[in-house]
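Enquirer: coordinates only, sequence not included:
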Ligand SMILES: *Cc1c(COP(=O)(O)O)cnc(C)c1O
């Protein structure tokens, strides 16, 4: 197929991704360095707001500590921070990396921020100096007192209790002693007490019992624990008893069901707020017997049109997409074939060309039926968490409403 230069220029000129729309893009790429053929992420502010409202209704208006870790689940941590911060249902934001906590403060976020990742003493001071609360589960009361003394005010912490996940957190059977010690220190403001479920529905109930027993005993002894929180997105669907004083979802706020079957449950209406799109870089016809991809992973069994998209696993589009995912171009879903390489995906258009042209917008996933992240997950086995959180931070983010 011959693509004339004129044709190419026309299709490029028709691209709606103008310098003006790129001006809202999150760092690091300056707009001028972003090719109109680079894949990009759309972040839908309206959908994000709608999901926050739906979650808030589900939890009876309890405050939401919104998890925005891992670059805001792909949306850009500053982007989601700015959108969530003003919403009344949002109590605060939670991240795992100090850099993200700082990026949120730099973006103007005023609400509480909880750093859920481990932090060394030097960075404790840096976090506290910018009013970032830290998740604590080891006996570091003295270090926190030192930081508080240096800053001239108490350091906000949430104590993390391990009730059975076996990850971080002070084991529940030994937590009372640590919490009493921390709560008694002048340099510490106990801003919350938290745990994480294993998401094994039966064991979750046992975990909740352990947490309640611990917290109940401490509170009857006069220890002020701050809001108690445990529920991630999974618990929003499974376990209303776990909502406690505050909930701590991530994925649901981005409008994606943590488990695709939850979609049919009717418990919570979610609309994806994230889309991954790219533009067709090339269209060609393969004759029967010709191949596509490394190792000739695909061999045409008939004469067939294929399109190449400049998006691959280095952008966060998983390799397993080649095992059943479909990409939408001009309103039709076309299967991913061969293998997904670092920067390329090949889709089979079929014996008919369907008018697919270079420069056509291709939806890898978005919020339309059949293209939702859950649809991709069901089709090829990719986790919805990987689809969102593995999106390369270098991809341009475009805010849409
Ligand atoms: C990621 C995370 C969450 C949110 O989980 P989702 O499944 O995205 O709702 C909650 N709590 C902790 C400790 C986390 O690490």
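Expert: Cool, the structure landed. Keep in mind that what you see is a predicted model, and the values were worked out from it rather than measured. Numbering: from 1, shown residues only.
Enquirer: now the closest residue to residue 355 other than its chain neighbours: how far from residue 305?
Expert: Nearest residue to residue 355 in three dimensions, chain neighbours excluded: residue 330, at 6.4 Å (C-beta to C-beta, 6 or more residues apart in numbering). For every residue, glycine as well, the C-beta is placed using N, CA and C. For residue 330, the distance to residue 305 (C-beta to C-beta, to the nearest Å) stands at 13 Å.
Enquirer: with residue 139 instead?
Expert: Distance of residue 139 to residue 305, computed by C-beta to C-beta: 65 Å.
Enquirer: what does residue 86 give?
Expert: In terms of C-beta to C-beta, residue 86 sits 48 Å off from residue 305.
Enquirer: more neighbours: which of the two?
Expert: residue 305 (20 against 11; other C-beta atoms under 10 Å).
Enquirer: quick revisit: now for residue 330 and residue 305: what residues contact both?
Expert: Residues touching both residue 330 and residue 305 (C-beta atoms under 8 Å, 6 or more residues apart in numbering) are 354, 356.
Enquirer: gap between the two ends of stretch 162-175?
Expert: 9 Å (C-alpha to C-alpha, to the nearest Å).
Enquirer: now find how far off-centre the longest helix belonging to the chain is within its chain.
Expert: Determined from DSSP state H, the single longest helix within the chain is helix 201-220. With C-alpha atoms, centre = their mean, to the nearest Å as the basis, helix 201-220 stands 28 Å off its chain's centre.
Enquirer: neighbouring contacts of it?
Expert: By C-beta under 8 Å, 6+ apart, helix 201-220 touches 161, 163-165, 172, 175-176, 179-180, 193, 195, 197-198, 225, 228, 230, 235, 238-239, 241-242.
Enquirer: how about that helix: buried residues?
Expert: Using 16 or more other C-beta atoms under 10 Å as the test for burial, helix 201-220 gives 204, 207-208, 210-212, 214-215, 218.
Enquirer: tabulate those residues (CSV), appending pLDDT and distance to the ligand.
Expert: What follows is the buried residues of helix 201-220, written out as CSV (pLDDT from 0 to 100; distance: C-beta to the nearest ligand atom, whole Å):
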residue, pLDDT, distance to the ligand
204, 97, 13
207, 98, 13
208, 98, 15
210, 98, 17
211, 98, 14
212, 98, 18
214, 98, 17
215, 98, 17
218, 98, 21
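Enquirer: now the residues you listed in TSV, with distance to residue 98?
Expert: Putting those into TSV (distance: C-beta to C-beta, whole Å) gives the following:
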residue	distance to residue 98
204	30
207	28
208	30
210	30
211	27
212	31
214	28
215	28
218	29
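Enquirer: tell me the one among those residues nearest to residue 377.
Expert: Distance to residue 377 across those (C-beta to C-beta) is lowest for residue 204, with 22.3 Å.
Enquirer: what separation do you get for the closest one and residue 126?
Expert: Shown here: residue 204 relative to residue 126, a distance of 35 Å by C-beta to C-beta.
Enquirer: ChimeraX command for the buried members of the contacts of helix 201-220?
Expert: For the buried members of the contacts of helix 201-220, the matching ChimeraX selection, counting by 16+ other C-beta under 10 Å, is:
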select :161,163,164,165,172,175,176,179,193,195,197,198,225,228,230,235,238,239,242
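Enquirer: looking at the contacts of helix 201-220, which are in helices?
Expert: 175-176, 179-180, 235, 238.
Enquirer: now residue 72, nearest residue through space, not along the chain?
Expert: Nearest to residue 72 is residue 80, by C-beta to C-beta, 6+ apart, at 3.8 Å.
Enquirer: just after the host helix or strand of that neighbour, pick out the following helix or strand.
Expert: Element membership for residue 80, per DSSP states H and E: helix 77-84. Of the helices and strands lying after helix 77-84 in sequence (DSSP H and E), the nearest is strand 90-95.
Enquirer: does the ligand sit close to that following strand?
Expert: No. On the criterion C-beta under 6 Å from any ligand atom, strand 90-95 is out of touch with the ligand, staying 6.8 Å away.
Enquirer: got the contact list for that strand?
Expert: 52, 63-69, 77, 81, 84-85, 101, 104, 109, 111-117, 227, 246, 248.
Enquirer: and stretch 386-395, by the same measure?
Expert: With C-beta under 8 Å, 6+ apart, stretch 386-395 has contacts from 28-29, 38-41, 70-71, 73-76, 251, 254, 256, 274, 276, 314-316, 318, 365, 373, 376-377.
Enquirer: mark which of these are part of helices, please.
Expert: Those of the contacts of stretch 386-395 lying in helices (DSSP H): 70-71, 73, 373, 376-377.
Enquirer: which one (most neighbours) among the residues you listed?
Expert: residue 373 (29 neighbours).
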